[in-house]
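[1] Pasted the sequence and its predicted model underneath.
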Amino acid sequence: MQDHKIPDDLAAYAARLREQLNWHGYRYYILDSPEIPDAEYDRLFQELQALEAAHPELMAPDSPTQRVGGKPLEAFAPVRHRLPMLSIRTETDTSPEGARAFDVQVRRELDLNADAAPMEYACELKFDGLAISLRYEGGLLVQAATRGDGETGEDVTQNVRTIKSLPLCLRGEAPTVLEVRGEAYMSRPDFERYNTRQRAAGLPTLVNPRNGAAGAIRQLDSRQAAKRPLSFFAYGLGEIQGWEPPDTHGATLDALAAFGLPVSVERTIALGAEGLIAFHDVVAKKRDALPFDIDGVVYKVNRLAWQRQLGFRTREPRWAVAHKFPAQEQLTTVEAIETQVGRTGALTPVARLKPVFVGGVTVTNATLHNADEIARKDVRIGDTVIVRRAGDVIPEVVSVVLDRRPAAAQPFVMPETCPVCGSHIVRPAGESVARCIGGLYCRAQRKEALRHFASRRALDIEGLGDKLVEQLVDQDWVHGPADLYALDAAKLANLERMGEKSAANLVAALKRSRSTTLARFLYALGIREVGEATAMTLAAHFGTLEALMAAEEDALRQIPDVGPVVATAIRAFFQEPHNQQVIARLRAFGVHWLEVERQPTATRSLAGQTFVLTGTLDTLTRDQAAERLRALGAKVSGSVSKKTDYVVAGRDAGSKLDKARELNVRVLGEAGLLALLESSS
């Protein structure tokens, strides 16, 4: 059979595509400085992919298309390390004395007298991932292996190829053989994104980033490994042929970076024990802000000749030591599970723990997120659990140690009434969060409810800002929105940043806000799922508050844009006695509106028509125009499409006007809008 010969120009074109993609991948993943948009990279990638599919002979080991995963393995093949992958000794004394002891030991073993210059150390981070050895031959990645027992590891080449930050081909003039030691890890943002996707799909989540990285590397199916976004940092060398490394460890890492390998920038050269201590302190302070997990720092004698002179003890180098930080995961016991009510009414189960020292602090509470998470992790009162704390993030229960579960362990049951105010708890279908529906009454939701009640599109109480709401609630002067109308200027003037004039202005604003519209009042109540547009629809459809409060779910569902979830939320809100009491108090304080003739949505003049507003209007604000359009049954959208009926264009109208002309959507000026509103009223 005659070999199929690839035309020279086609082979050269494929090589150019590979070179371009590898360069842009290096700019994106290593330098964090992309030169082209993602869409252009995707186009080049798909072009190379199609070319290789049509001409398999063009496939090359350094092609970026080789990162997507291959045929599943039956088992990992063993790999004998040419140079052992040894662990670094961990200093048990995490105080400054541990660093001083290491410096004394190094100087003594090098026989340096007290007058010698301070020892130079390369200081790095101790990454919390999985140690990996990479073997490049002629610049191409040919093998990746785990540490294993230090002498023999496992061949995980297919999985490591899926790490996008890792070059498949080294840059520049590559050594004949270059073995690179480093750490595969999962960044915190990637870990959170992965777990969010898993939860949404109802699939198991990862315990922590380290387990996520280790599990990905040891997947027999590299296509599954590719679904977990991993990264890599190089920090050392194994076997070398055809290259003379620099004289120092710090310069060696710079050389690896020049080859295109990812090397952490969080490193420095320090002098003597005090330099080590300073590095440890700096990293400890920024540890929580790093985008990846570390569990300490590493000190290495910088001069490679001195590293060779110091040598090894058993299975550890004498020239390096790890100085650890307090652990971020520990075992403890769940003593109780309680529920906390957030500012929006969401109930969060919280585990009350036997005190345990985690990540530098004593932890007594940990979030359990919601009832679904508790059920998925099967957390019970009395269980022994793994607790994780990373930085300022609220500690969380990671998993249960099932073989330590006592016979008397009690499952958690979500309460039926709010532990703060006694209102009913609801959990809408399809949602994972249970909520208290006593928003206007519930002490836990008080500040948020008041901010919303006073906002511009609600009762529009000018001068009642966040800081003032905080003071009113903290002083225990206001328990609900009705209490606002009992405030007087003399009392308000005593508050921080409030004088007599400001107090008088606020009282005047409160007086004005008593006269409103039913739509604004409904929006101000803060009913879950009821925004401005829905509030206007409800007001026009029912005409009176009493008719709306009496409406059953079936009647509510007949209204356009009010589905089962919204109807359930509205009915539950008005059935709650606490909310009825708050509404009655507001009416008693004189909050009122003009009753309007009931206009079912379908009968309103602009029902079913969609408007888009753009530019500046002279006689109406855009909010006022939108409110009047919605009152007539129209839908006001933020973007122009083929379904748009009218675009209202004021001064300085931009791209939306251009889009309307492109789609032949009718355009109205302000005069045309006012005429339409007048004729439709």
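    Looks like it came in fine.
[2] ok, how many other residues are close to residue 156?
    Look at residue 156: counted by other C-beta atoms under 10 Å, it has 27 neighbours. Where you see a C-beta, it was placed from the backbone N, CA and C, and this is true even at glycine.
[3] thought it was touching residue 146?
    Yes - between residue 156 and residue 146 there is a contact under C-beta atoms under 8 Å: 5.9 Å.
[4] Residues that sit against both of the two, list them.
    132, 217, 218 (C-beta atoms under 8 Å, 6 or more residues apart in numbering).
[5] Secondary structure added to the residues you listed, as TSV?
    TSV is the format used below for those (DSSP: H, G, I helix; E, B strand; the rest coil):
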residue	secondary structure
132	strand
217	helix
218	coil
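[6] most surrounded residue in the residues you listed?
    residue 132 (28 neighbours).
[7] quick one: pLDDT of the residue nearest to residue 408 when sequence neighbours are not counted?
    Closest residue to residue 408 apart from its sequence neighbours, by C-beta to C-beta, 6 or more residues apart in numbering: residue 382 at 6.0 Å. pLDDT for residue 382: 96.
[8] contacting residues for residue 382?
    333, 334, 405, 406, 408, 409, 410.
[9] Among these, which one is most surrounded by other residues?
    Neighbour count (other C-beta under 10 Å) singles out residue 334 as the most crowded of these, with 24 neighbours.
[10] wait, what's in contact with that one?
    With contact set as C-beta under 8 Å, 6+ apart, residue 334 has these partners: 351, 352, 353, 379, 380, 381, 382, 383, 385, 397.
[11] Relative to residue 647, how far out is residue 281?
    Per C-beta to C-beta, to the nearest Å, residue 281 is found 60 Å from residue 647.
[12] swap that for residue 112, please
    Distance from residue 112 to residue 647, by C-beta to C-beta: 80 Å.
[13] What's the mean pLDDT across stretch 351-362?
    On average, stretch 351-362 scores 86.
[14] correct me, but residue 290 touches residue 266?
    Yes - the pair residue 290 and residue 266 passes the contact test of C-beta under 8 Å, sitting 7.2 Å apart.
[15] what residues do these two have in common as contacts?
    Shared contacts of residue 290 and residue 266, defined by C-beta under 8 Å, 6+ apart, comprise residue 125.
[16] Pull the contacting residues for the residue nearest to residue 241 when sequence neighbours are not counted.
    Once flanking residues are discounted, residue 241 sits nearest to residue 177: 3.8 Å by C-beta to C-beta, 6+ apart. Contact partners of residue 177, counting by C-beta under 8 Å, 6+ apart, are 135, 136, 137, 239, 240, 241, 242.
[17] Try it again at 6 Å.
    Contacts for residue 177 (C-beta atoms under 6 Å, 6 or more residues apart in numbering) come out as 137, 239, 241.
[18] On the pLDDT front, check the last one for me.
    On pLDDT, residue 241 comes in at 95.
[19] change the start of the numbering to 35 and stick with it
    Sounds good: first residue 35 from here, last item residue 275.
[20] And for it, the neighbour number?
    Neighbours of residue 275 using other C-beta under 10 Å come to 11.
[21] Residue 208 is in contact with that one, correct?
    No - Residue 275 lies out of contact with residue 208 (C-beta atoms under 6 Å); the separation is 11.0 Å.
[22] for residue 314, what are its contacts?
    Counting by C-beta under 6 Å, 6+ apart, residue 314 touches 331, 357.
[23] And it, how far from residue 148?
    Taking C-beta to C-beta as the measure, residue 314 falls 24 Å from residue 148.
[24] Ok, residue 571 next?
    85 Å.
[25] related to what we said a few turns ago, for residue 315 and residue 681, indicate the residue with more neighbours.
    More neighbours surround residue 681 than the other of residue 315 and residue 681, with 24 against 11 (other C-beta under 10 Å).
[26] can you pull the contacts of the spatially closest residue to that one that is not a sequence neighbour?
    Excluding the flanking residues, the one nearest residue 681 by C-beta to C-beta, 6+ apart is residue 694, at 3.9 Å. Contacts of residue 694 were listed using C-beta under 6 Å, 6+ apart, and they are 674, 681, 701.
[27] distance of the first one from residue 653?
    Right, the one you point to is residue 674. 23 Å.
[28] which one of those two has more residues nearby?
    residue 674 (21 against 10).
[29] Quickly find the element holding that one.
    Remark: residue 674 resides in no helix or strand, with elements defined by DSSP states H and E.
[30] So it sits against residue 646, correct?
    Yes - judged on C-beta under 6 Å, residue 674 makes contact with residue 646 at a distance of 5.2 Å.
[31] hey, what's in contact with both of these two?
    Shared contacts of residue 674 and residue 646 (C-beta under 6 Å, 6+ apart): residue 690.
[32] quick one: low-confidence ranges for the stretch 385-534 of the chain?
    By pLDDT under 70, the low-scoring segments of the stretch 385-534 of the chain are 394, 424-427.
[33] How many residues are close by residue 115?
    21.
[34] how far away is it from residue 259?
    Separation of residue 115 from residue 259 (C-beta to C-beta): 22 Å.
[35] same check, this time on residue 357
    Distance from residue 357 to residue 259, by C-beta to C-beta: 32 Å.
[36] Looking at the two, which one has more neighbours?
    Neighbour tally, residue 357 and residue 259, criterion other C-beta under 10 Å: the higher count belongs to residue 357, 26 against 22.
[37] Which residues does the helix or strand the more buried one falls within contact?
    Assessed by DSSP H and E, residue 357 sits inside strand 354-358. Residues from elsewhere that reach strand 354-358 (C-beta under 6 Å, 6+ apart): 122-125, 128, 132, 136, 160, 314, 329-334.
[38] Sort out for me which of those are in helices.
    The helices, defined by DSSP state H, take in 132, 136, 314 from the contacts of strand 354-358.
[39] how many neighbours does the second one have?
    Yep, that's residue 136 we're talking about. The number of residues packed near residue 136 is 24, by other C-beta under 10 Å.
[40] excluding its backbone neighbours, what's nearest it?
    Here the residue nearest residue 136, using C-beta to C-beta, 6+ apart, is residue 355, at 4.7 Å.
[41] Relative to residue 137, how far out is residue 304?
    From residue 304 across to residue 137, the span is 10 Å (C-beta to C-beta).
[42] show me where the stretch 535-684 of the chain has helices.
    Counting by DSSP state H, counting those that start in this stretch, the stretch 535-684 of the chain has these helices, from start to end: 552-558, 566-576, 579-584, 587-591, 598-609, 611-622, 656-665.
[43] Figure out which of the ones you listed is closest to residue 82.
    Between residue 82 and those, the shortest separation by C-beta to C-beta is 46.1 Å, and it involves helix 598-609.
[44] Which neighbouring elements make contact with that closest one?
    Applying 3 or more C-beta pairs under 6 Å, 6 or more residues apart in numbering; DSSP states H and E, one finds that helix 598-609 contacts helix 587-591.
[45] And for the helix it packs on, what's in contact with it?
    Counting by C-beta under 6 Å, 6+ apart, residues outside helix 587-591 touching it are 596, 601, 604, 605.
[46] between those, which is closest to residue 628?
    The closest of the contacts of helix 587-591, once distances to residue 628 are taken by C-beta to C-beta, is residue 604, at 22.3 Å.
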